[in-house]
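**Q** output the structure for:
(chains A and B)
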Amino acid sequence: MTWLLAALISLAIGAYVTYPLLHPPQKREKEEAEGELLSQKEALLSAIKELQFDYELGNLSPKEHRELEEKYEARALSVLRELDHPSPSREEEVEREIAALRRAAKERRSCSRCGDKADPGDSFCSRCGAPLKGGKT
Amino acid sequence: MADIGYFCLALALVVALFTLLSALLGARGRPELVAAARNGTFALLGLTSLATAVLVYAFLSHDFSLEYVASYSARDMSTVYTLAAFWAGNEGSLLLWSWVLALMAAIVLWQKPRRDFLPYVMAVIAANVAFFLLLMIFVSNPFKQLPFTPADGRGLNPLLENVGMIFHPLTLLAGYSGFTIPFAFAMAALATGQVEEEWLRPARRYALVAWVLLGVGNIIGAWWAYVELGWGGYWAWDAVENAGLMPWLTGTAFLHSAIIQKRRGMLKVWNMVLIIVTFNLCLFGTFLTRSGVVSSIHTFGISSLGPLFLGFIFLSLLVPVILLYWRLPSLRSEDRLDSLVSRESSFLINNLLLVAIAFATFLGTMLPAITEAVRGVRVTVGPSYFNLVNGSLFFIFILLMGICPIVGWRRAIPRNLLRSLVIPVAAATLVVVLLIIWTRTWYAIVGFGACALVLATILREWFRGVMVRHRKKENYFVAFFRLLWGNRPRYGGYIVHVGIILLALGVIGSSFYKVQAEASLNPGESFEIGKYTLKYEGITDKATEKKDVVSATIQVFNKGKPAGIMVPALTFHINYENPVSDVAIRTRPLEDLYVIFLGSDQTSGLAAFKAYINPLMVWMWIGGFLLLLGSVIAIWPERRRAPVPA
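**A** Numbers count the residues shown, from 1 in each chain, chains lettered A, B, ... in the order given. Just a heads-up that it's a prediction; the model follows:
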């Protein structure tokens, strides 16, 4: 009985712990990053509120209050900006670059005279000098 | 059933090591490994909970085939104490420690810490849980079985059968293990290089939880000693008491210096050092309790765990120090101290004082062990050393506690500072003058004056806060509560400060104005102590199968007027050699009358008594309650506002 129970516990724990290795979790970087930003925003807002209260109490000189408030506000602003327009994650950036390269490759034209591949933006064929179709002349 | 408990511990060790490895490897951009470590942490809670449940069941079902159950419980014990016997010895305490740590780890994960910190936080916690599991599996097994099953257990030491037994070890252990969490965040910050204030927010929050648990644990311990041990005092600077005090002091320092880092970006290295020291002092406290290196009244738990703890402490110091050294360049202050008269520097001085008290306590506690190692002779220092050194340092500390909140940030404006000091100084002067009329105990007078200064400062701060809100058209009542609830960390903190001052009042009162009397009386005779006359009426004897309770009835007269009956007693337990004293305490706001029944001659009825008048004692316990209340208010989580839809 004890052995059976022990085996069951081991099985359950083993399955639970190794599950993410077999089924890698869905990436939820975006949601998690947003959650972190939100909590940063909360913290900064309450810091600004506390600063204001300290100022009203007379614990901070106007100059000191202004300086600290500016510091916190700048940080809060960057967090808010980030929340509104999240900067792409590294992976998204890489994917975007790859897509751009693919697109460029697809769009690569060839010279109508010698058939050589031309770089995007070129106006004349780098091999035979013939004007390229769609190029600036 | 016990086998399942042991099996859970063994499996938990495997899971803890897996979690440690998987978290560390996962930190290098392998989310599936981090997720596995996350599940591993939750599994640790499951397995330690199961092991705990098995041990609880063994206690409740009186399974005396387990050595631990047979050593600390008996059939005639009430259910509550049978349950509390869980943490009466090493084995159960270690299991409790691991379980509390696993529980806190699960709470941390549930609160979703920063992604980059998460793996390291889990790794540190898993390493700690693994260490405690190793101890249980190889040295101090709670599920160890006896070769035979005794009919009954030995039961709890009668001194431990007190309500303090339920809460004191529990809160203290939870406090000790709780400091692992802020330590884990500090390590995560060092490992990731994110050493700005991001780690401080969760670290300070969890440190506050551990701090209040430790503080309340210490106070309950003091209360327990006062009502149960029957020596008229509550704190003896015993090695194990000191062990609980030291991390609390450095933890207090951390809670305050963290504020400076959050606001000014200063003291970054200092904060790291404080949290590393506090965590290690927690481990050291357990080492002291369990090793027998220095003698203590808490000698019930001596075992061979000492060297292992010392080894773990060594590692817990070495790794953080290396990490700290590595990150030193990024831990530079963003700002510098502008003036000696500023909020920052007053916080820093108070920090240094707290660390100095902790160091003096450490030195006094470890002196016997140090001198024995160096000179071969154990030199001990008595309470007078601690009272003198720590008493003086505490006095300056309290004085500064009154000044800190009114000194402006960066550079105090002298005119404002002086204006803020007028009322507190006037209050302190008034108290000092009134006291001089009544007493000439200068240390106490100065101490009470300092307490008055702090109380007046806090009341003034509170009053000004209410006035600021009142000017915004809030009535005083609403302004008061909104002030408290809208600035919970700050005003919760002030409530804690009031609690500390009440504690200080109790300490000063009972230390400097204690009155003591002793007498041997025949029935009908009386003796005097202060304004009280204690008349001994007679003895009653009540014997049961397991114990014999001898009670003395004493009639109390206050300035000649009857003021009630007090019944101190002595209990003779069949299983225990020494009788246990049940003291009688009459508590009033200004003083406690504390009567101990020392013994009697059954034939002649002659009985011996010792009595104390302990002034202001009740304020100490009220102070302890305020400490808890203020901390709960300060910790109370902010309700996260739902994001406004664009």
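**Q** burial count for the closest residue to chain A within chain B?
**A** Per Cβ to the nearest Cβ, B:A35 is where chain B lies closest to chain A, at 3.5 Å. The way it works is simple: take the backbone N, C-alpha and C, and place the C-beta from them, glycine included. A total of 19 residues lie near B:A35 under the criterion other Cβ atoms under 10 Å in any protein chain shown.
**Q** that one reaches A:L22, doesn't it?
**A** No. The pair B:A35 / A:L22 is not scored as a contact, 10.9 Å apart, by Cβ atoms under 8 Å.
**Q** how close does B:E228 get to B:I423?
**A** Counting by Cβ to Cβ, to the nearest Å, the gap from B:E228 to B:I423 is 42 Å.
**Q** next one: B:V319
**A** B:V319 sits 50 Å away from B:I423, going by Cβ to Cβ.
**Q** now swap in B:V227 and tell me
**A** 38 Å.
**Q** again, but for B:L55
**A** Taken as Cβ to Cβ, the spacing of B:L55 relative to B:I423 amounts to 56 Å.
**Q** for the residue of chain A found nearest chain B, give me its contacts.
**A** Among residues of chain A, the one nearest chain B by Cβ to the nearest Cβ turns out to be A:P20. It sits 3.5 Å away. For A:P20, the contacting residues are B:32-33, B:35-36, B:38-39, by Cβ atoms under 8 Å, 6 or more residues apart in numbering or on different chains.
**Q** can you check B:N218 too?
**A** B:N218 is in contact with B:172, B:241, B:244-245, B:248, counting by Cβ under 8 Å, 6+ apart.
**Q** repeat the analysis, applying 10 Å as the threshold.
**A** Contacts for B:N218 (Cβ atoms under 10 Å, 6 or more residues apart in numbering or on different chains) come out as B:168, B:171-172, B:175, B:235, B:241, B:244-245, B:248, B:624, B:627.
**Q** what's B:T540 sitting at in phi/psi?
**A** Comment: the main-chain dihedrals of B:T540 come out as phi -120, psi 140, following degrees, to the nearest 10.
**Q** same check on B:N578?
**A** According to degrees, to the nearest 10, the main-chain angles of B:N578 amount to phi -90, psi 140.
**Q** that one: how many residues sit nearby?
**A** Once other Cβ under 10 Å is used to define contacts, B:N578 is seen to have 10 neighbours.
**Q** what distance do you get for it to A:K71?
**A** Using Cβ to Cβ, B:N578 is found at 64 Å from A:K71.
**Q** same question, B:T457
**A** When distances are taken as Cβ to Cβ, B:T457 and A:K71 turn out to be 28 Å apart.
**Q** so these two - more neighbours on which side?
**A** Under the criterion of other Cβ under 10 Å, the comparison of B:T457 against A:K71 puts B:T457 first, with 25 against 17.
**Q** so that one touches B:V422, yeah?
**A** No. The criterion here is Cβ atoms under 10 Å, and B:T457 misses it with B:V422 at 11.2 Å.
**Q** of B:L55 and B:I423, give the one with the bigger neighbour count.
**A** For B:L55 and B:I423, the more surrounded residue by other Cβ under 10 Å is B:L55, and the numbers stand at 25 against 16.
**Q** look up the closest residue to that one, ignoring the ones flanking it.
**A** When the adjacent residues along the chain are set aside, B:L55 lies closest to B:P142, with 5.6 Å between them (Cβ to Cβ, 6 or more residues apart in numbering or on different chains).
**Q** which of the three states applies to B:V227?
**A** At B:V227, secondary structure determined by DSSP: H, G, I helix; E, B strand; the rest coil is helix.
**Q** on that earlier part again, residues in contact with the residue nearest to B:L55?
**A** The contact partners of B:P142, by Cβ under 10 Å, 6+ apart, come to B:2, B:5-6, B:9, B:51-52, B:54-55, B:58, B:66-69, B:86, B:89-96, B:136.
**Q** and it, what helix or strand is that in?
**A** Counting by DSSP states H and E, there is no helix or strand that carries B:P142.
**Q** with B:A174 instead?
**A** helix B:163-178.
**Q** can you spell out which helices and strands pack onto that helix?
**A** Applying 3 or more Cβ pairs under 10 Å, 6 or more residues apart in numbering or on different chains; DSSP states H and E, one finds that helix B:163-178 contacts helix B:79-84, helix B:90-110, helix B:118-138, helix B:200-224, helix B:239-264, helix B:268-291.
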